[in-house]
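[1] compute the structure for the input listed below.
(4 chains)
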Protein chains: 2
Amino acid sequence: MTDQKNNLATRERILDAAEWLFMENGYEATSMRLITRAAAVNLAAVNYHFGSKEALLCEVFRRRLAWINHERLQLLDRLEREADGAPLKPSQILEAFFGTLLRVGEDSALGGLTFLRLLGRTLTEPAEFVRSFFATEYAPVIDRYKQALFRALPDVPHAEIVWRMHFMLGAMSYAIAGTDVIRVVTGHDVSDMAGEGGPGEDDGPMFARRLAQRLMPFLLGGLRAPLPSFAAPPALHSQSSSSPGGPGSGDSIAPSIQEIPQ
Amino acid sequence: MTDQKNNLATRERILDAAEWLFMENGYEATSMRLITRAAAVNLAAVNYHFGSKEALLCEVFRRRLAWINHERLQLLDRLEREADGAPLKPSQILEAFFGTLLRVGEDSALGGLTFLRLLGRTLTEPAEFVRSFFATEYAPVIDRYKQALFRALPDVPHAEIVWRMHFMLGAMSYAIAGTDVIRVVTGHDVSDMAGEGGPGEDDGPMFARRLAQRLMPFLLGGLRAPLPSFAAPPALHSQSSSSPGGPGSGDSIAPSIQEIPQ
DNA sequence: TTGACTTTAAAACGAACGTTTGAAATAATT
DNA sequence: AATTATTTCAAACGTTCGTTTTAAAGTCAA
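    Have a look, this model is predicted:
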């Protein structure tokens, strides 16, 4: 029988080591020998316990996502039960979906920042087995939340909501992945930041907490933004758009948005 | 002397093939033999013309980013000249930065969707040489736009602006990368979309055009969203937040945001 | 303790990797 | 035409890859 005394420790040690190394180097650049050496197990252990390197990656994600997505569904269930038929508020839906994930970053028992970063980076992985894995793993959750947003925003075209879900997923994944592009954004002169805690400051649970506090208003603002006007290439505007030789393209967006800084 | 008659064709053929294959498979999963076979050149040609596989990837990006970032700086220069000392509108800044990039997706001579997707996927690449390359390549542009946003939003803390720049970059990169996670979001039932052009519909320049029209309002909405309240864990609220056993964490965001669907 | 499993271990498998080599072919210069 | 420089080519370099194999060690029920 599998998963007994020490075997479980072996499996978990492999998963932990793989989780960290996949996050640090990416899937392709992480070798089996690197993983098994970090986990202090034999090279053949991965193939024995998981079957292949691909299956290992999937198990690394399944271990965390099972709880996360179950929690997401359960939370939405409860919210809708409490709402008693009325549509939910968009902020409640976003909080349930993104808040659940971001809370993982605060708890190292759930994977912590390591898993969050791994997730953010792997979501853009082109490998076919990765994409189909995420597709089936996320399908029911995404669908439930999509329906909830449709009900919450009855006047917004469904296609528009789907697009914005995609944008929100992207903002979160990217923020979570926390590559060093952010170091570029932050800039080398910390003088601007005045110690207020810009991105990439610490790695603890506080980072995830602060990230959630900053990200959620941004996502809500994006979700509730005015719809784009799809009028035919409108009367020319003041500003620029001097694309190399391209047709006037960009400025069909601005008109419908009034400028209210902050 | 380098870059003469046919040699230039060889270099360009390699760059084109690499651009597409890196986009399709990722950097690590794309071998030199795959690239040179697709470019119909000898295996040694890459090392002869570029020095190494890493240098090839950098050149693939430099070829496109040089124009893009130059255009971005020039556009901002002109906007500020026309504004005559007054701070720019956020929408102008975003249009200059993101619009320039998205216009690349409409023009196959500038790389088209292939380059956009490659860029989006590579920005989360963990490899050190990739990150430092992007850091130095993007540094001056990001800094100029950062300063412009500081002036455009004088009442918003600088740290908050930097965070939101990061979120906007993420939303764009992810949307651009266009992995199949979007297929999950869209769902298998196209009935919801009513033919209105949901994500992942076509691959032509129209895709980039439509993406820009949808993305820009989202980004502006996120950038101008109400600031998060950093008050100490506030008086408890109505809703949920039943984290597994965790401390009350998530709901310090919602209070400051009024619910105005759409 | 015997016997049937399960897990670890060391070694090797063939394949594919990025890169280098040195000679042949091509182009440019004198 | 002779000579120099540049580019292409086939072949091989040594390494590392994911996986398999075969045997030893460990575990547990009878």
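
[2] got a list of what A:Leu56 touches?
    A:Ile14, A:Leu15, A:Ala18, A:Ile35, A:Val46, A:Phe50 (Cβ atoms under 8 Å, 6 or more residues apart in numbering or on different chains). Glycine gets a C-beta too; all of them are placed from N, C-alpha and C.

[3] where along the stretch 51-200 of chain A do the helices fall?
    A:53-83, A:90-94, A:100-104, A:112-122, A:128-152, A:158-177, A:181-186 (DSSP state H, counting those that start in this stretch).

[4] so where does A:Glu28 fall, helix or strand?
    In the assignment (DSSP states H and E), A:Glu28 maps to no helix and no strand.

[5] which ones are touching it?
    A:Ala127, B:Gly26, B:Glu28, B:Ala29.

[6] low-confidence stretches in the stretch 51-200 of chain A?
    A:179-200 (pLDDT under 70).

[7] among the contacts of A:Glu28, which pair sits farthest apart?
    A:Ala127 and B:Glu28 (10.0 Å; Cβ to Cβ).

[8] what do these two both touch?
    A:Tyr27, A:Glu28.

[9] circling back: for the contacts of A:Glu28, which one is nearest DNA strand D?
    B:Glu28 (9.7 Å; Cβ to the nearest atom of the strand).

[10] would you mind measuring from A:Thr124 to DNA strand C?
    Relative to DNA strand C, A:Thr124 is positioned 20 Å away (criterion: Cβ to the nearest atom of the strand, to the nearest Å).

[11] ditto for A:Leu101
    For A:Leu101 relative to DNA strand C (Cβ to the nearest atom of the strand), the value is 32 Å.

[12] count of residues packed around that residue?
    Look at A:Leu101: counted by other Cβ atoms under 10 Å in any protein chain shown, it has 24 neighbours.

[13] ok, and the closest non-adjacent residue to it?
    A:Ile68 (6.1 Å; Cβ to Cβ, 6 or more residues apart in numbering or on different chains).

[14] what does A:Leu15 give?
    A:Val60 (5.6 Å).

[15] show me the contacts for that neighbour.
    Counted by Cβ under 8 Å, 6+ apart, A:Val60 has contacts A:Leu15, A:Ala18, A:Glu19, A:Phe22, A:Leu118.

[16] list phi and psi for A:Leu220.
    phi -60, psi -40 (degrees, to the nearest 10).

[17] quick one on the thing from earlier: ok, the residue nearest to A:Leu101 - contacts?
    Here A:Ile68 is in contact with A:Thr100, A:Leu101, A:Val104, A:Leu110 (Cβ under 8 Å, 6+ apart).

[18] what about the third one, how many neighbours?
    When you say that, I think you mean A:Val104. 26.

[19] go on, the one 5 residues further on?
    A total of 9 residues lie near A:Ala109 under the criterion other Cβ under 10 Å.

[20] now A:Glu128
    11.

[21] one step back: can you lay out the contacts of A:Leu56 as TSV showing secondary structure?
    Shown next, in TSV, are those (DSSP: H, G, I helix; E, B strand; the rest coil):
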residue	secondary structure
A:Ile14	helix
A:Leu15	helix
A:Ala18	helix
A:Ile35	helix
A:Val46	helix
A:Phe50	coil
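
[22] out of the contacts of A:Glu28, who has the most neighbours?
    Result: B:Gly26 is most packed of the contacts of A:Glu28 (other Cβ under 10 Å), 21 neighbours.

[23] quick check: closest non-adjacent residue to it.
    A:Pro126 (4.9 Å).

[24] on that earlier part again, from the contacts of A:Leu56, which is closest to B:Pro205?
    The closest of the contacts of A:Leu56, once distances to B:Pro205 are taken by Cβ to Cβ, is A:Ala18, at 40.8 Å.

[25] so who does that closest one touch?
    Here A:Ala18 is in contact with A:Thr30, A:Ile35, A:Ala39, A:Leu56, A:Leu57, A:Val60 (criterion: Cβ under 8 Å, 6+ apart).

[26] how many neighbours does A:Gln92 have?
    25.

[27] for it, give its distance to DNA strand D.
    43 Å.

[28] what's the answer for A:Arg210, then?
    35 Å.

[29] so A:Pro126 makes contact with B:Arg121?
    Yes - contact criterion Cβ atoms under 8 Å: A:Pro126 and B:Arg121 qualify, at 6.5 Å.

[30] of the two, who's got more company?
    B:Arg121 (23 against 20).

[31] from A:Glu71, how far off is that one?
    Distance, B:Arg121 to A:Glu71, using Cβ to Cβ, to the nearest Å: 29 Å.

[32] repeat for A:Gly85
    23 Å.

[33] and if you look at A:Leu227?
    Counting by Cβ to Cβ - A:Leu227 and A:Glu71 are separated by 32 Å.

[34] can you list the residues of the stretch 51-200 of chain A near DNA strand D?
    Contact residues, the stretch 51-200 of chain A versus DNA strand D (Cβ under 7 Å from any atom of the strand): A:Ser52, A:Lys53, A:Glu54.

[35] mark which of these are buried, thanks.
    A:Lys53 (16 or more other Cβ atoms under 10 Å in any protein chain shown).

[36] need the residues of the stretch 51-200 of chain A next to DNA strand D in CSV (columns: distance to B:Ala9).
    Formatted as CSV, these follow (distance: Cβ to Cβ, whole Å):
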residue, distance to B:Ala9
A:Ser52, 41
A:Lys53, 39
A:Glu54, 38
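
[37] now, which of the residues of the stretch 51-200 of chain A next to DNA strand D sits nearest DNA strand C?
    A:Lys53 (12.5 Å).

[38] I'd assumed A:Leu34 was in contact with the closest one.
    No - if you go by Cβ under 8 Å, A:Lys53 and A:Leu34 don't touch, sitting 11.1 Å apart.

[39] from A:Phe150, how far out is A:Ala159?
    11 Å.

[40] those two: who's more crowded?
    Between A:Ala159 and A:Phe150, A:Ala159 has the larger neighbour count (other Cβ under 10 Å), namely 19 against 16.

[41] ok, the residue nearest to B:Gly26 - contacts?
    A:Pro126 neighbours (Cβ under 8 Å, 6+ apart): B:Met23, B:Glu24, B:Asn25, B:Gly26, B:Ala29, B:Arg121, B:Thr179.

[42] got the contact list for A:Leu149?
    A:Leu149 touches A:Pro90, A:Ile93, A:Ile161, A:Met165, counting by Cβ under 8 Å, 6+ apart.

[43] wait, the third one touches A:Ala148, no?
    It stands for A:Ile161. No - under the criterion of Cβ under 8 Å, A:Ile161 is not in contact with A:Ala148, lying 10.2 Å apart.

[44] residue in the stretch 101-250 of chain A nearest to DNA strand D?
    Counting by Cβ to the nearest atom of the strand, the stretch 101-250 of chain A gets nearest DNA strand D through A:Phe129, at 10.5 Å.

[45] return the distance of whichever strand or helix holds A:Arg11 from the chain's centre.
    Here A:Arg11 sits within helix A:5-25, counting by DSSP H and E. Offset of helix A:5-25 from its chain centre (Cα atoms, centre = their mean, to the nearest Å): 22 Å.

[46] and it with helix B:128-152, angle?
    Between helix A:5-25 and helix B:128-152, the angle comes out at 60 degrees (axes from the mean of the first three to the mean of the last three Cα atoms, to 10 degrees).

[47] for chain A, which residue occupies the most central location?
    Taking Cα atoms, centre = their mean, the centroid of chain A lies closest to A:Ser173, which sits 3.1 Å from it.
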